[in-house]
Structures are given as structure tokens and as C-alpha cells.
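In: Quick check, what structure comes out for this input:
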Amino acid sequence: MNKIVILLLLSLSLSTFAQTNAKKELKKIETLEQAEEYIGETKSKKKKLMVFNEEKHQSKLAKELLEMPVGLTKTERTQFKKTFYKVIQKEKEPHYRISYIFFDGNKMPVAEIYRLRKTIMLKYGKGVDFGDLAKKYSMAENAIKGGDSGWVKDGQLPIEIEEESNDLKHELDAIFDVGITDDNGFYIIKKTHRLQIIKEVYVLKVQETID
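Out: Numbers count the residues shown, from 1 in each chain. Modelled structure (predicted):
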């Protein structure tokens, strides 16, 4: 009986020690660079850096993290594990959103691309939904979503698309085309949203097994 009690106490002590260590490690991490270094040192699936966006992520957890001050940690516990979410950085950045139809010039003759471009422009002008056109003609992976890019920041799409999409000469629902020399890509773009400032939070997620 005494041996069982001792083993239970030892197990609890080790568990508490491990949890204390995890909390201590998180307290030392204050910047994105430190978080990335921490993840890189262990290469564990139980540690990762996450980004929550107030427009894209609508879960209860995401909303709580977006409202938490930088430096605070949220802890969730189940029967078998603890999960820590530490808010590392918060920022507000301009995002834009478009829909597009993509043609790969390496897989399709230029003459065919221009023929399809003319067809698409005519159909859109007659009232055919751009999303339906994207599903039918686009060679991009997001064709199934009607060509929707989702909210994106500068650097996530080719610079030519960023500049043209944010050009004030293009009104909402206007369509225009952009050629990308580097990858021989050709895009027909619809401006679906105005430039918007969106709040994001960078969170370090750490999972810990409860013995």
C-alpha cells in the first residue's frame, strides 16, 4: 500500500515538474524570432506557431486570442493533455481580396488563352457569374471556390497582381487581366473587396501530455 502511494506521489511530482518546465519555457519567449527558434530546436508536432485573422477565423478560441493582450497565455486542459496558447504578437495590416481565373502558359498555347479570355469577358459582360466562370475555366487550385483568393497581404501573391488589384482606377466588380512574366501565368481578375485593415494575432501553441 505504501509503495502504491509513493508511486502515485512520484508520478504527480513528475507531471507537475513537466508542466512547470513548459510554463517556464513559454515565459522566456517574447518575440516571433524566439518562438521560431524554440520550435526549430525541438521539431516537435506539439509545438507550432499559428496566425489567427479576425476575418478568416471565427471560432471561439480565435476570438478569445484576438482579444488577449500580448504576453498572456491561455491554457486548455483535457483528460490526457494540456494545450498552451501564448500570444506573441498582434498587428493590424492592410489586406485585399479578389477572385481570379488563372491560365498556365506553360501548359496551354497563348493563342488558346487569348481565345478563352475573349470568351470569358463576353460571358461576364452578359451577366454570367464570375465564380461560375472560374470553376469552369481556371487552372488554379482555388477554382473550386470560384477563384476566391480569401483575404491576403502583400507578398502572398505576385507583385503584379498586388499593384493592379490595389489600383484605385479599378472599381468594385471590375475585371481586368494581368500577365506574369516569371511563371508565364495569365490572370483574369475581379476586384471583389476594397482594401481593408485586418487584425491578426501570432500565437505559440504548445501541447503537453498529462501522465
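In: can you give me the helices in the chain?
Out: In the chain, the helices defined using DSSP state H lie at 2-28, 32-42, 60-67, 110-125, 130-137, 159-165.
In: Just give the number of residues close to Glu208.
Out: If you count neighbours by other CB atoms under 10 Å, Glu208 ends up with 19. The way it works is simple: take the backbone N, C-alpha and C, and place the C-beta from them, glycine included.
In: one step back: of all the helices of the chain, which gets the most neighbours per residue?
Out: Mean neighbour count (mean count of other CB atoms under 10 Å) peaks for helix 130-137 among these, with a mean of 18.
In: Just the CA coordinates for that helix, please, in CSV.
Out: Only the C-alpha atoms of helix 130-137 are listed here, as CSV (Å, rounded to 0.1, in the frame of the first residue of the first chain):
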residue,chain,number,x,y,z
PHE,A,130,-17.5,35.2,-62.4
GLY,A,131,-17.4,32.4,-59.8
ASP,A,132,-19.0,30.1,-62.2
LEU,A,133,-16.6,31.1,-65.0
ALA,A,134,-13.6,30.5,-62.6
LYS,A,135,-14.9,27.0,-61.8
LYS,A,136,-15.2,26.2,-65.5
TYR,A,137,-12.0,27.8,-66.9
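In: so it versus helix 110-125, what angle?
Out: Going by axes from the mean of the first three to the mean of the last three CA atoms, to 10 degrees, helix 130-137 is angled at 150 degrees with respect to helix 110-125.
In: for helix 130-137, the distance to its chain's centre please.
Out: 24 Å (CA atoms, centre = their mean, to the nearest Å).
In: Same question for stretch 116-128.
Out: Put simply, stretch 116-128 sits 31 Å off its chain's centre (CA atoms, centre = their mean).
In: List the contacts of that stretch.
Out: Ile101, Phe103, Phe130, Leu133, Tyr137, Ile175, Asp177, Phe186, Ile188 (CB atoms under 8 Å, 6 or more residues apart in numbering).
In: Looking at the residues you listed, which is nearest Leu72?
Out: Nearest to Leu72 among the contacts of stretch 116-128: Phe130, at 42.7 Å, using CB to CB.
In: and the residue lying closest to the closest one once chain neighbours are set aside, bridged to which residues?
Out: Leaving aside its sequence neighbours, Phe130 sits nearest to Lys190 (CB to CB, 6 or more residues apart in numbering; 4.7 Å). Using DSSP bridges, the beta-bridge partners of Lys190 come out as Ser99, Ile175.
In: Hmm, Lys190 is touching Leu133, no?
Out: No. Look at Lys190 against Leu133 with CB atoms under 8 Å: they stay out of range, at 9.2 Å.
In: Enumerate every residue touching Tyr100.
Out: Residues counted as contacts of Tyr100 (CB under 8 Å, 6+ apart) are Ala134, Ser138, Ala140, Gly147, Ser149, Ile161, Tyr187, Ile188, Ile189, Lys190.
In: could you redo the last one with a cut-off of 10 Å?
Out: 130, 134, 138, 140, 142-143, 146-149, 157, 161, 165, 175, 177-178, 187-190, 192 (CB atoms under 10 Å, 6 or more residues apart in numbering).
In: got any ranges where this structure has weak pLDDT?
Out: Along the chain, segments meeting pLDDT under 70 span 1-20, 42-43.
In: burial count for Asp177?
Out: Asp177: 17 neighbours (other CB under 10 Å).
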